[in-house]
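Participant: kindly return the folded structure for what I paste below:
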Amino acid sequence: MTTRLTIDLDALARNYALVRRTAGVEAAPAVKADGYGLGAIAAARRLVAEGATTFYVARLDEGLALRQALGSAPVIQVLDGVTDGVARPLVDAGLTPVVNSLDQAERWLAEGDGSAVTLHVDTGMNRLGVTLAEAAGLRGRLAVAQVMSHLACAAEPDHPMNAAQLAAFRDARSLFPDALASLAASAGTFLGPDYRFDQVRPGITLYGGGPFDAFDPRIAPVATVEAAILQVRHVPAGDAIGYGAAFVAETPMAVAIVAAGYADGVPRSSHPRGAAWFAGKRRRLLGRVSMDMVAVDVTGCADARPGAMMELIGPNLPVDEAAAAAGTTAYELLTRLSGRAERRRLGG
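Facilitator: Predicted coordinates for the structure are as follows:
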């Protein structure tokens, strides 16, 4: 074993409990993209045990797999909605489509079973969703159990678009006064009670990422990525390390070659700000990340030897900080984790 991903389902449960306490309304987990790279089925089963009754996925296939694993009880909402050819599979599996356009609404009316849907109303993100005028035209025609929208800038609490979208969503909700309403995902949940309505849809915060794209001590780390040292090299001053000679040693150094690279989900862009945790301290990554390896400064560390494991993401190196060092987000970092790492689960 050279690379290991440990998924702490007890930490997932603690994060879910935090979201529920904060929101004070239903918390419906997003388990799309294979549970943000950490295993949708195992995560969903644990979340059901913690009280979750509604889940969100992106694709039909994700919904079908989740339905097979969880049985008929949970509500499973498919964010792609009623794309061409999926109405019958949605009906047969008891999945709820999130209708995103007039074409999808008409398709559901023609090919669906008349069951109620979630209607996505665009409030300013210009990604998916019907306009307010289109939503008004669907009243009395489409059975709408829930109205939803998505915040574009919730990770920036002071961004003026949050208030603008909130106002637009209130207008959308007024069109369907008997329907449930859901606006907030992870970040929106922590913007305050005005954004929570009847249901929140936590995603990244369940899996260990801070709601505002930065480390948050309230959020328990769920994923720990570790990799083994393959070799320790003694590099003289003036020698280069890795592709492109991107790093040149200014003084003699001890360098650990660690068995994880961009094929394992360590972003190539982690150089020059990335780090690993080993023997009680953060240690900088040296040179470009290779496909299967990365170099780490272990100068003066007597514990560095082949087979010793280094932490690349985890409790000592939070996923938000590892992501920021690579110029990305926890969302991308987690969903890019490779399947070739040995996976183990705690708490489930």
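
Participant: all strands of the stretch 201-348 of the chain, in order?
Facilitator: Counting by DSSP state E, counting those that start in this stretch, residue ranges of the strands within the stretch 201-348 of the chain are 223-235, 240-241, 247-248, 253-258, 275-278, 281-286, 294-297, 309-313, 342-346.

Participant: what mean pLDDT does the first one have?
Facilitator: Strand 223-235 comes out with an average pLDDT of 98.

Participant: hang on, the earlier thing: most neighbours per residue, which of the strands of the stretch 201-348 of the chain?
Facilitator: Highest mean neighbour count of those: strand 294-297, a mean of 25 (counted as mean count of other Cβ atoms under 10 Å). Every C-beta, even on glycine, is put in place using the N, C-alpha and C of the backbone.

Participant: given it, what are its sheet partners and their directions?
Facilitator: Sheet partners assigned to strand 294-297 using DSSP bridges are listed as strand 253-258 (antiparallel), strand 281-286 (antiparallel).

Participant: dump that strand to CSV, keeping only the CA atoms.
Facilitator: Taking only C-alpha atoms (Å, rounded to 0.1, in the frame of the first residue of the first chain), the coordinates of strand 294-297 have been written out as CSV:
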residue,chain,number,x,y,z
VAL,A,294,5.8,14.4,-5.2
ALA,A,295,9.0,15.6,-3.5
VAL,A,296,8.9,16.9,0.1
ASP,A,297,11.5,18.7,2.2
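
Participant: what comes into contact with that strand?
Facilitator: Outside strand 294-297, the residues within contact range by Cβ atoms under 8 Å, 6 or more residues apart in numbering are 227, 241-242, 247, 253-258, 260-261, 266, 270, 274, 276, 278, 283-287, 310.

Participant: in stretch 126-141, what's buried?
Facilitator: Along stretch 126-141, the positions that meet the burial threshold by neighbour count (16 or more other Cβ atoms under 10 Å) are 128, 129, 130, 132, 135, 138.

Participant: how long is that stretch from one end to the other?
Facilitator: 24 Å (Cα to Cα, to the nearest Å).

Participant: swap in stretch 333-348?
Facilitator: The first and final residues of stretch 333-348 sit 23 Å from each other (Cα to Cα).

Participant: could you list the residues in contact with it?
Facilitator: Among residues not part of stretch 333-348, those counted as contacts by Cβ under 8 Å, 6+ apart are 1, 3-13, 33-34, 36-39, 42, 45-46, 204, 207-209, 223, 225, 263-265, 267, 313, 319, 322-323, 326.

Participant: helices - which of the residues you listed land there?
Facilitator: 9-13, 33-34, 36, 42, 45-46, 319, 322-323 (DSSP state H).

Participant: reformat the strands of the stretch 201-348 of the chain as JSON lines; add distance to residue 120.
Facilitator: Conversion of those to JSON lines gives the following (distance: least, Cβ to Cβ, whole Å):
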{"stretch": "strand 223-235", "distance to residue 120": "29"}
{"stretch": "strand 240-241", "distance to residue 120": "49"}
{"stretch": "strand 247-248", "distance to residue 120": "47"}
{"stretch": "strand 253-258", "distance to residue 120": "43"}
{"stretch": "strand 275-278", "distance to residue 120": "40"}
{"stretch": "strand 281-286", "distance to residue 120": "41"}
{"stretch": "strand 294-297", "distance to residue 120": "41"}
{"stretch": "strand 309-313", "distance to residue 120": "32"}
{"stretch": "strand 342-346", "distance to residue 120": "33"}
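
Participant: how close does the closest residue to residue 52 other than its chain neighbours get to residue 66?
Facilitator: Closest residue in space to residue 52, ignoring its immediate chain neighbours: residue 29 at 5.5 Å, by Cβ to Cβ, 6 or more residues apart in numbering. Separation of residue 29 from residue 66 (Cβ to Cβ, to the nearest Å) stands at 11 Å.

Participant: which neighbours do the two have in common?
Facilitator: Common neighbours of residue 29 and residue 66 (criterion: Cβ under 8 Å, 6+ apart): 44, 55.

Participant: neighbour-wise, which of the two wins?
Facilitator: Residue environment comparison for residue 29 versus residue 66 gives the larger neighbour count to residue 29, 28 against 25, counting by other Cβ atoms under 10 Å.
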